[in-house]
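S.K.: got a structure for you, letters missing:
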């Protein structure tokens with residue numbers, strides 16, 4: 001598990017830009033409203049390797065994806081997950097998105113950690 005040093009919780013749903021800190025990390029804690037989604041996106045370069053993990057206090061649908069015109073490319077997809085981790089080997093220069101959807105009727109706390 002990647003270490004988390006999150007100072008606050010953002011109560012949002014929608015888009016969150018990936019902004020890397022000085023040591024190549026991006027970490028967030030977010031509240032995901034019922035029936036909503038959060039998508040965290042950033043530009044990555046071919047050859048990069050991104051270690052990622054998330055935890056949620058409820059089940060969410062999760063994907064890592066990018067768009068090629070009208071086509072959606074989805075290297076990682078999980079349904080009903082409360083946590084997951086892995087390493088994304090970036091195959092093409094592209095804007096990649098980590099996305100969670102809360103299909104439940106209650107708010108879900110979500111924490112995300114990325115490291116390049």
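M.R.: Here it is on my side, so go on. Predicted model, so just to flag it, every value in this text is computed and none were measured. Residues are numbered from 1 along each chain as shown.
S.K.: in three-state terms, label the spatially most central residue of the chain for me.
M.R.: The centre of the chain sits closest to residue 98, judged by Cα atoms, centre = their mean, with a distance of 3.2 Å. Counting by DSSP: H, G, I helix; E, B strand; the rest coil, the backbone at residue 98 sits in strand.
S.K.: residue 107 versus that one, what's the distance?
M.R.: According to Cβ to Cβ, to the nearest Å, residue 98 stands 19 Å off from residue 107. Any C-beta I mention is one placed from the backbone N, CA and C, and that applies to glycine too.
S.K.: residue 92 contacts residue 48, correct?
M.R.: No. Judged on Cβ atoms under 8 Å, residue 92 makes no contact with residue 48 at a distance of 10.7 Å.
S.K.: out of the two, which sits in the busier spot?
M.R.: residue 48 (14 against 11; other Cβ atoms under 10 Å).
S.K.: quick one: contacts for the more buried one?
M.R.: Each residue near residue 48 by Cβ atoms under 8 Å, 6 or more residues apart in numbering is listed here: 90, 116.
S.K.: now for the nearest residue to residue 54 once chain neighbours are set aside, how many residues are close by?
M.R.: Leaving aside its chain neighbours, residue 54 sits nearest to residue 112 (4.8 Å; criterion: Cβ to Cβ, 6 or more residues apart in numbering). Residue 112 has 23 neighbours, counted by other Cβ under 10 Å.
S.K.: give me the element residue 112 is part of.
M.R.: For residue 112, the host element (DSSP states H and E) is strand 108-115.
S.K.: what helices and strands are in contact with that strand?
M.R.: Under the contact criterion of 3 or more Cβ pairs under 8 Å, 6 or more residues apart in numbering; DSSP states H and E, strand 108-115 touches strand 25-32, strand 49-68, strand 94-101.
S.K.: make TSV out of these and add mean pLDDT.
M.R.: Listed next are these as TSV, based on pLDDT from 0 to 100:
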stretch	mean pLDDT
strand 25-32	95
strand 49-68	97
strand 94-101	96
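S.K.: fine, thanks again, bye for now.
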